[in-house]
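> Predicted model follows, preceded by the sequence.
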Number of protein chains: 2
Amino acid sequence: MLRTMTDQDARALLRKGSVGHLGCVFADEPYVVPINYYFDGRAIYSHSLPGRKMTALRQHPRACIQVDKVDDQLHWQSAIAFGSFEEVHDESERAEVMRQLLARFPMLTAVESQRTGAARAPESLVFRIQVDRVTGVAEV
Amino acid sequence: MLRTMTDQDARALLRKGSVGHLGCVFADEPYVVPINYYFDGRAIYSHSLPGRKMTALRQHPRACIQVDKVDDQLHWQSAIAFGSFEEVHDESERAEVMRQLLARFPMLTAVESQRTGAARAPESLVFRIQVDRVTGVAEV
């Protein structure tokens, strides 16, 4: 049976998740990419190399992050957070976000170090989506 | 190492996949939902109960479907198909699409029958995204 999740349950799912799907709008078209993220209850934090999604978010800052937990086709939850993109420029805040991300995704360390030298490299962009609305649906 | 997938590889990933993330635009905001689908090489077919995504697609027919295959954080592929939404109204075509979907998702049968009586019920909307562009990225 499909049911609407409470705001609290949808937020809990977003907090527990670590890989979501970011939706943004590029040249009036939707664009979706998987991202590693964390949600501190107010904003979703992530990072990216420069590319299409960063160009899209800078031009059209409205974004969403969808996360699901699928037990099987008849038992799943899907939550979505809507918000506005903001780039994190402050160096100490950037370092803190990268620290949190790397704590959750230890495998990123090698890749990120190799690619960008983590937060220290100017190529690594750190951003947040300031969340202003959360919805969720569950099949139970 | 990140690499751009060939058009052929990205299309093969879309053909092999069965659960993707549909991106659409609703009231100038991106919206992302997981969907069951199949790709016949030209269009992606799926179905839905009425709701936000169908309203969104009718108002703003540009859409994308993203599908990924993740072996681990350092070995994954992600493909995305862009295209235009079209509702399938023809009864025999609707039945054929539902037949293909149910063959891939046998567990849908019970749910769909219960909810909507499958393709026969007017509530069950069948649609395609006519694909005009495919891209993909892989970490190998």
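Ah, there it is.

> Got the phi and psi for the residue nearest the centre of chain A?
Nearest residue to the geometric centre of chain A (Cα atoms, centre = their mean): A:Y37, 4.2 Å. Taking degrees, to the nearest 10, you get phi -150, psi 170 for the backbone angles of A:Y37.

> ok, the closest residue in space to it that isn't next to it in sequence - how many residues close by?
Here the nearest residue to A:Y37 in space, its sequence neighbours aside, is A:S46; by Cβ to Cβ, 6 or more residues apart in numbering or on different chains that works out to 4.4 Å. C-beta coordinates here come from the backbone N, C-alpha and C atoms, glycine included. When counting by other Cβ atoms under 10 Å in any protein chain shown, one arrives at 20 neighbours for A:S46.

> Double-check that A:S46 belongs to a strand.
Yes - secondary structure assignment places A:S46 in a strand (DSSP: H, G, I helix; E, B strand; the rest coil).

> With just CA atoms, put stretch A:128-140 into PDB.
Extracted in PDB, the C-alpha atoms of stretch A:128-140 (Å, rounded to 0.1, in the frame of the first residue of the first chain):
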ATOM      1  CA  ARG A 128      25.200  22.700  -0.200                       C
ATOM      2  CA  ILE A 129      21.500  22.500  -1.000                       C
ATOM      3  CA  GLN A 130      19.600  24.600   1.600                       C
ATOM      4  CA  VAL A 131      16.600  22.400   2.100                       C
ATOM      5  CA  ASP A 132      13.300  24.100   2.300                       C
ATOM      6  CA  ARG A 133      10.900  21.200   1.600                       C
ATOM      7  CA  VAL A 134      10.900  17.400   2.100                       C
ATOM      8  CA  THR A 135       8.400  14.800   0.900                       C
ATOM      9  CA  GLY A 136       8.400  11.100   0.900                       C
ATOM     10  CA  VAL A 137       6.400   8.100  -0.300                       C
ATOM     11  CA  ALA A 138       6.600   4.500   1.000                       C
ATOM     12  CA  GLU A 139       5.100   1.200  -0.200                       C
ATOM     13  CA  VAL A 140       4.500  -0.800   2.900                       C
END
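
> And what about A:R11, helix, strand or coil?
A:R11 falls in the helix class when you classify it by three-state DSSP.

> how much space is there between it and B:A81?
As judged by Cβ to Cβ, to the nearest Å, A:R11 and B:A81 stand 31 Å apart.

> Between the two, which has more neighbouring residues?
When neighbours are counted by other Cβ under 10 Å, A:R11 and B:A81 differ, and B:A81 comes out ahead with 26 against 18.

> Spell out which residues of chain A are next to chain B.
Counting by Cβ under 8 Å from any Cβ of the partner chain, the residues of chain A close to chain B are A:21-25, A:28-34, A:62-66, A:68, A:70, A:72-74, A:78, A:80, A:82, A:105, A:107-108, A:111, A:139.

> quick revisit: now do the same contact list for the residue nearest to A:Y37.
Going by Cβ atoms under 8 Å, 6 or more residues apart in numbering or on different chains, A:S46 touches A:L22, A:I35, A:N36, A:Y37, A:L101, A:V126, A:F127, A:R128, A:I129.
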